[in-house]
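A.B. asks: build the 3D model from these lines:
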Amino acid sequence: MINSRFRKVGFRYYSSINEKSFSEDQWVDLIRSGDTATFELMFRSYYPRLCQFAYRSIRSIEVAEDLVQSVFLNIWKNRRNWSPRCTPCMYLYKATRNQMINYLKHKNVENISEFVDVSSIHTEEQTPEDKFNEKECSHAINDSITRLPERCRLIFLLKKEDGLTYNEISEILGISVKTVETQMGRALRFLRENLTEYI
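C.D. replies: Purely as a prediction, here's the structure:
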């Protein structure tokens with residue numbers, strides 16, 4: 001189990017960090033040299049997204065956090081030899097996916113349903129009817145997404161919620177770009193057909 005201080009305290013914000021002063025391409029060399037500020041910047045940039053990614057399959061906030069924290073701790077512990085063959089973003093998603101697979105194999109979990117987080121749209125002035133319609137629409141979207149086939153649903157969420165490209169999704173899941181495109185097309189057709197009254 002990851003040290004609880006890691007979860008509760010997290011990383012401090014460094015006033016000296018200028019987040020636009022260097023790109024992700026430079027993160028690897030800086031982290032390999034022991035630059036804690038760069039490591040913390042990478043952590044803050046990806047930790048929430050990776051936790052959500054893990055939670056979709058694990059369905060436990062604590063376990064998802066532990067798995068993602070393990071990814072970052074392993075990078076820091078082995079930073080001198082850290083040499084990913086892809087971008088930091090791709091590496092983090094792949095490493096998190098591997099942690100998830102190992103966890104699920106260990107727990108012998110099958111037929112996992114994934115977490116769906118659809119953000120509500122808030123306006124300053126909403127009538128009770130607006131709020132009811134918004135809630136009803138949100139439920140309909142949630143329900144439609146959860147009824148997508150597992151792989152189709154995961155690809156849709158990686159694209160729409162995590163903002164990943166088709167190429168990135170294909171690398172993370174180990175499938176072809178064509179498969180990603182096909183699954184996204186199926187997801188969009190299914191959602192259009194099931195949400196006609198809200199479109």
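A.B. asks: and the residue most central in space within the chain, which of the three is it?
C.D. replies: By CA atoms, centre = their mean, the chain has its centre lying nearest to Phe53, at 3.2 Å. What DSSP: H, G, I helix; E, B strand; the rest coil gives for Phe53 is helix.
A.B. asks: and the gap between it and Leu30?
C.D. replies: 24 Å (CB to CB, to the nearest Å). For every residue, glycine as well, the C-beta is placed using N, CA and C.
A.B. asks: what residues are up against the residue nearest to the centre of the chain?
C.D. replies: Tyr93, Thr96, Arg97, Leu158, Asp162 (CB atoms under 8 Å, 6 or more residues apart in numbering).
A.B. asks: tell me which residues of stretch 151-161 come out buried.
C.D. replies: Cys152, Arg153, Leu154, Ile155, Phe156, Leu157, Leu158, Lys159, Glu161 (16 or more other CB atoms under 10 Å).
A.B. asks: now do Arg80 against Asp35, distance only.
C.D. replies: 12 Å.
A.B. asks: counting neighbours, what do you get for Trp76?
C.D. replies: 13 (other CB atoms under 10 Å).
A.B. asks: nearest residue to it other than its sequence neighbours?
C.D. replies: Nearest non-adjacent residue to Trp76, counting by CB to CB, 6 or more residues apart in numbering: Phe39, 6.1 Å away.
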